[in-house]
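>>> Quick one, fold the following:
(one chain, ligands or ions: 1)
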Amino acid sequence: MRGLTKTYPGGRRPRGAPPAGPVTASRDIALDIARGEVFGLLGPNGAGKTTLVRQLTGLLRPDAGSVTLLGHDLVRHPRRAPRLLAYLGQESTALDELTVALAIETTARLRGLDADVARREREAVVEELDLAAVAARPLKRLSGGQRRLACVAAALAGRRPVLVLDEPTAGMDPVARRAVWAAIDRRRACDGTTVVLVTHNVIEAETVLDRVAVLDAGRVIACDTPGGLKALVGTDVRLELVWRDEPPLGEPEIAALRAAATVAGRRWTLRLPADRAREAVAAVTAGPAFAALDDFTLATPSLEDVYLALGGRGAGLERS
Ligand SMILES: Nc1ncnc2c1ncn2[C@@H]1O[C@H](COP(=O)(O)OP(=O)(O)OP(=O)(O)O)[C@@H](O)[C@H]1O
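Numbers count the residues shown, from 1 in each chain. Below is the predicted model of the structure:
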């Protein structure tokens, strides 16, 4: 992608509401995604992730800039996109009337597979994502998480060399989410599939992503490997404390931690240099503090920390 720019015109608003001005959702975006890479787009609600992937998939025409995918100019020839990539949008209602099995098999057929190959592929992906129990039911009669999983299965059918997945695990339970991340990892490892992944689930996604672009207000504000991005925030570690009810603020060490913490209900989050974190862990795991503690975690920087350090608002980022 080079120089991708997209501004939505201001819309009409109900009488009395403030006028809605135009929104520039992509600002001069330049990104190179290598073949076989699992590439993440990270950013808060409204950062422009969906706008970007819709341009990448030929569904939305940029105002300026270019998208070249496997040698094809997708701004000039957007209809080539469906032959090159599988796209899972945020909302997929097109398959709602079909059963899960038929949705997967039909998608594979539409992507050019012979009937028996499409059937075999359907069987394999139903097993891979553990969908057998709901395979005979129409998508519209499934729970939100099950429907999303069925849509992921359809996206995987037909073996496109590029997968563009917009929040594939939204609304899924942990078992389903794990199955999706494993399926993505397998496509990359076995087929060399290129995957572009929009996600809010930063901690989970970290394990599958080769590189990540962080978007904020339509701009790419950082792009690197997860490790490279984490190096940006230095060596601070994150200490999370969850208290049973009242923390023992009478203890001077605990009162000092309170002053440095971000407090959300019973949860305190602290970002500390490693040696200071060690002292803090010693303080909270001794004496009355430990008795008052419900849970604690100590973690090295995550992509979420990177995002926050880069000045993002943090809203909308989700931890597993
Ligand atoms: N059709 C549209 N018309 C006008 N403005 C739009 C339209 N679609 C998106 N926007 C605006 O463009 C900006 C980027 O939206 P986009 O959906 O790309 O963000 P996102 O990063 O995908 O957000 P989310 O995480 O909530 O899915 C937002 O300010 C949004 O309000």
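
>>> C-alpha only now, for contacts and for neighbours.
Noted.

>>> Show me what from this structure comes close to the ligand.
Within the chain, the positions near the ligand by Cα under 6 Å from any ligand atom are Tyr8, Val23, Ala25, Pro44, Asn45, Gly46, Ala47, Gly48, Lys49, Thr50, Thr51.

>>> try 8 Å this time
For the chain, the residues in contact with the ligand under the definition Cα under 8 Å from any ligand atom are 7-11, 22-26, 42-52, 90, 200, 215, 217-218, 316.

>>> How are the strands of the stretch 51-200 of the chain distributed by residue range?
Using DSSP state E, counting those that start in this stretch, the strands found in the stretch 51-200 of the chain span residues 64-66, 68-69, 72-73, 85-88, 162-166, 194-198.

>>> Equivalent analysis for the stretch 201-320 of the chain, please.
211-216, 219-224, 237-243, 262-264, 267-272, 293-299.

>>> can you tell me which residues contact the closest residue in space to Ile254 that isn't next to it in sequence?
Ranked by Cα to Cα, 6 or more residues apart in numbering and with sequence neighbours excluded, the top spatial neighbour of Ile254 is Pro248, at 6.8 Å. Remark: with contacts taken as Cα atoms under 8 Å, 6 or more residues apart in numbering, Pro248 is in contact with Ile254, Ala255, Pro288, Ala289, Ala292.

>>> mind giving me TSV with those and columns for neighbour count?
Shown next, in TSV, are these (neighbours: other Cα atoms under 10 Å):
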residue	neighbour count
Ile254	16
Ala255	14
Pro288	14
Ala289	19
Ala292	17
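
>>> which one of those is nearest Asp275?
Ile254 (16.5 Å; Cα to Cα).

>>> beta partners of Thr68?
When assigned by DSSP bridges, Thr68 has beta-bridge partners Asp73.

>>> Distance of it relative to the ligand?
Here the distance between Thr68 and the ligand works out to 20 Å (Cα to the nearest ligand atom, to the nearest Å).

>>> Got a ChimeraX select line for the buried ones in the residues of the chain next to the ligand?
The ChimeraX command for the buried members of these (criterion: 16 or more other Cα atoms under 10 Å) is given here:
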select :7,24,25,26,42,43,44,45,47,48,49,50,51,52,200,215,217,218
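
>>> number of nearby residues for Thr93?
12 (other Cα atoms under 10 Å).

>>> From here on, call the first residue 55.
Understood, numbering begins at 55; the last thing we discussed is Thr147.

>>> What ranges does this protein have for its helices?
Per DSSP state H, the chain has helices spanning 103-110, 135-138, 154-164, 169-182, 198-210, 228-240, 256-260, 280-286, 306-314, 328-338, 341-346, 357-363. These are given in chain order.

>>> right, and those - which one's nearest Trp297?
In terms of Cα to Cα, the element of the helices of the chain nearest to Trp297 is helix 341-346, at 5.9 Å.

>>> thinking again about what came up before, I'd like to know which of the contacts of Pro302 is nearest to Val291.
Distances from Val291 to those, taken as Cα to Cα, are shortest for Ile308 (17.8 Å).

>>> isn't that closest one right up against Ala337?
Yes. The pair Ile308 and Ala337 passes the contact test of Cα atoms under 8 Å, sitting 7.4 Å apart.

>>> which residues are common contacts for the two?
Contact criterion Cα under 8 Å, 6+ apart; residues bridging Ile308 and Ala337 by contacting each: Ala343.

>>> Contact partners for Gly143?
Taking Cα under 8 Å, 6+ apart as the contact definition, Gly143 lies against Leu219, Asp220, Glu221.

>>> what sits up against stretch 209-219?
107, 111, 137-143, 158-159, 161-163, 165-167, 172, 175-176, 179, 246-252.

>>> contacts for stretch 336-350?
Outside of stretch 336-350, the residues that reach it under the criterion Cα under 8 Å, 6+ apart are 293-302, 305, 307-308.

>>> Any idea how far apart the tips of stretch 211-219 sit?
Terminal residues of stretch 211-219 are spaced 13 Å apart (Cα to Cα, to the nearest Å).
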